[in-house]
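**Student:** just to be clear, the model below is a prediction. Sequence and coordinates:
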Amino acid sequence: MRICIDITSNLFGPSGIERYLKNLIPELINLNKENSYILYENNSMGRYKIQNIPKNPNVSFISVRWPMRLLHKLWDTWNIPKIERFVGEIDLFHSPHCILPPLRNGSSILTVNDMGYISHPDYYSNKKLTGSLGSMLIKAIKNADQIIAISEATKKDIIEITGIPEEKVNVVYLASEDTSSYIQKFTIEIKQRILSKWNINRPFLLYVTGTIDPRKNLGRVIDAFGIFLETTKLDWLLVFVGNSVAIKSDIGNILESSSFRDRIFLLDRIANNDLWGIMASAEVFIYPSLFEGFGLPVIEAMACGTAVVTSNISSMPEVAGDAAILVDPFIPEQIAYGIAKVALDESLRKELEYKGKQRAKLFSWRKTAEETMWVYKKACGMLNIQ
């Protein structure tokens, strides 16, 4: 097959889609040496280079420089230009986001991370953009030949909102990045060196996020942290890893008014070596998000051997299984109680660490690639499905 994958989302740096592409594409390439892959990007801003893609004679890169708004307007209004104008004839086009260009021939696959733009628009900061993206997503879902949903929760939302047939939606789970090479070399001394580098000098709770918007629930996390400290009397820290400027913009008032502001650390996006070291050193990883398509940080923390407290709604219970403490993310007292339960019970914490490692092993990018390839073949009519 001649397969084109849209990697335009890679241009905007760290995000769930960027991590999806970075991990999926190498596995697809290694999975089948007969397929040829075209990695397409509309790099109209020219500010980011393609990374983490292995060199391979069956892989080619095509970068166009059309103004994105103009191109999307032409696609949406006139159904032109066909994507083949840029990439040549293809058997299949795979889009990992809410934009699906028109095709002259071939089949189309759309990966849907979540339906939050439509189901929970209030969970996003840019309301105008959210509405526009939601409209594009619904149109893309209806036009695609097959859909990849990254969780059963997302599949359910897709069917309920769009009414498309269930057989058109295929669940393919994501996975943690391979942390084993990092974790194996993390001696106590190395972990301590990493923590010292970031001035983390006490036991701590950890929250990691790539994007900052209301659904990440950071305000209630800070409230819960205060309740946790007051009830347990523990001298612990709360460490956020993400865009510190965006975090301050989103919850600045709550953050600065906290009685425990001096115990709350904001770390900007950091290199994987340090991130996995910090994650493996945390006493508890907390992720009480209000809504997720999958919840990659949950699996990543489990892979690092850290006990997890996460939400009892959306995709989190599906991803975490019985390897985490589940809490109501709308109630700070319950978040605090879940954290305290793990913090004060060492045997429970050890049990969750073990279960988490076993749970994380059930997800792999190799498996994601194999199941994605199955959907490719299904879309192209290459499977005998009764």
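**Tutor:** Thanks, I have the structure now. This one's a predicted model, so the numbers in the text were calculated from it and none came from an experiment. Numbers count the residues shown, from 1 in each chain.

**Student:** which stretches of the stretch 151-300 of the chain have low pLDDT?
**Tutor:** Along the stretch 151-300 of the chain, segments meeting pLDDT under 70 span 181-182.

**Student:** which residues in it form strands?
**Tutor:** Assigned by DSSP state E, counting those that start in this stretch, the strands in the stretch 151-300 of the chain fall at 169-171, 204-208, 237-241, 264-267, 284-287.

**Student:** would you mind pulling the contact partners of the second one?
**Tutor:** Outside strand 204-208, the residues within contact range by Cβ atoms under 8 Å, 6 or more residues apart in numbering are 218, 221, 225, 228, 236-242, 265, 275, 278-279, 281-287, 297, 300-301, 306, 339. The C-beta positions use only the backbone N, C-alpha and C, and glycine is treated the same way.

**Student:** which among these end up buried?
**Tutor:** Using 16 or more other Cβ atoms under 10 Å as the burial test, the contacts of strand 204-208 include 218, 221, 225, 228, 236-242, 265, 275, 278-279, 281-287, 297, 300-301, 306, 339 as buried.

**Student:** picking up where we left off before, export the strands of the stretch 151-300 of the chain to TSV and tack on distance to residue 39?
**Tutor:** TSV is the format used below for these (distance: least, Cβ to Cβ, whole Å):
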stretch	distance to residue 39
strand 169-171	22
strand 204-208	28
strand 237-241	29
strand 264-267	32
strand 284-287	31
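
**Student:** any idea which of the ones you listed gets closest to residue 152?
**Tutor:** strand 169-171 (5.6 Å; Cβ to Cβ).

**Student:** burial measure for the nearest residue to residue 110 once chain neighbours are set aside, as a count.
**Tutor:** Closest residue in space to residue 110, ignoring its immediate chain neighbours: residue 144 at 4.0 Å, by Cβ to Cβ, 6 or more residues apart in numbering. Residues contacting residue 144 under the criterion other Cβ atoms under 10 Å number 23.

**Student:** what residues are up against residue 144?
**Tutor:** Residue 144 neighbours (Cβ under 8 Å, 6+ apart): 95, 100, 108, 109, 110, 168.

**Student:** got it, and residue 227?
**Tutor:** Residue 227 neighbours (Cβ under 8 Å, 6+ apart): 332, 333, 336.

**Student:** contacting residues around the first one?
**Tutor:** Which is residue 332. With Cβ under 8 Å, 6+ apart, residue 332 has these contacts: 220, 223, 224, 227.

**Student:** quick one: which of those is most hemmed in?
**Tutor:** That'd be residue 224 among the contacts of residue 332, by other Cβ under 10 Å, with 28 neighbours.

**Student:** roughly how far does that one sit from residue 338?
**Tutor:** Note on residue 224: its distance to residue 338, by Cβ to Cβ, to the nearest Å, is 9 Å.

**Student:** what's the answer for residue 238, then?
**Tutor:** 14 Å.

**Student:** save the contacts of residue 144 as TSV, and put in secondary structure and distance to residue 41 too.
**Tutor:** As requested, the contacts of residue 144 are arranged in TSV below (DSSP: H, G, I helix; E, B strand; the rest coil; distance: Cβ to Cβ, whole Å):
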residue	secondary structure	distance to residue 41
95	strand	12
100	coil	15
108	strand	17
109	strand	17
110	strand	17
168	helix	27
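
**Student:** pipe the residues you listed into TSV and attach distance to residue 125 and neighbour count per row.
**Tutor:** Shown next, in TSV, are the contacts of residue 144 (distance: Cβ to Cβ, whole Å; neighbours: other Cβ atoms under 10 Å):
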residue	distance to residue 125	neighbour count
95	24	22
100	25	24
108	30	22
109	29	24
110	24	25
168	31	17
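
**Student:** ok, of those, which one's closest to residue 116?
**Tutor:** residue 110 (15.7 Å).

**Student:** would a markdown table of the contacts of residue 227 with secondary structure, distance to residue 158 and pLDDT be doable?
**Tutor:** Below are the contacts of residue 227 laid out as a markdown table (DSSP: H, G, I helix; E, B strand; the rest coil; distance: Cβ to Cβ, whole Å; pLDDT from 0 to 100):
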| residue | secondary structure | distance to residue 158 | pLDDT |
| --- | --- | --- | --- |
| 332 | helix | 31 | 98 |
| 333 | helix | 34 | 98 |
| 336 | helix | 34 | 98 |
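
**Student:** turn those into CSV, columns for distance to residue 197.
**Tutor:** Listed next are the contacts of residue 227 as CSV, based on distance: Cβ to Cβ, whole Å:
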residue, distance to residue 197
332, 31
333, 34
336, 29
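
**Student:** does residue 322 touch residue 354 like I think?
**Tutor:** No. Using Cβ atoms under 8 Å, residue 322 makes no contact with residue 354, being 11.7 Å away.
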